[in-house]
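Undergrad: sequence plus predicted model, see below.
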Amino acid sequence: MRFGIVVNIQKETIIPILKSFLNVLTENHCDFVINHEARLIIQERSLLEKIQFLDKGSMVERVDCLISFGGDGTLLQTARMAGKTE
């Protein structure tokens, strides 16, 4: 199963939660991608080397499950993206 992670980088409070979540995914050898904008808030080189970044539009077609980090708007945006695919 491949996860797609959509991050609202404007929500600074999610940064430590996101980094912890990404560390858990990488430690457990999970397959995931994350939206390009998240590169701006992930500073650890060791973590950056393990992450594949995609634009949100192409991410939806390449993952099995979407996970949203942000607020209500981010969740709604992610749901709309998923709703456009079959």
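TA: Received the coordinates, thanks.

Undergrad: go through the one helix or strand in the chain whose mean pLDDT sits lowest and flag the buried ones.
TA: Ranked by mean pLDDT, DSSP states H and E, the helix or strand of the chain with the weakest confidence is helix 45-48, at a mean of 81. Across helix 45-48, burial judged by 16 or more other CB atoms under 10 Å covers no residue at all. In this view, the C-beta of every residue, glycine as well, is placed from N, C-alpha and C.

Undergrad: helices or strands up against it?
TA: For helix 45-48, the elements it packs on are helix 15-27, judged by 3 or more CB pairs under 8 Å, 6 or more residues apart in numbering; DSSP states H and E.

Undergrad: and the residue lying closest to residue 42 once chain neighbours are set aside, how far from residue 34?
TA: Nearest residue to residue 42, sequence neighbours excluded (CB to CB, 6 or more residues apart in numbering): residue 48, at 5.8 Å. Distance of residue 48 to residue 34, computed by CB to CB, to the nearest Å: 10 Å.

Undergrad: all set now, cheers.
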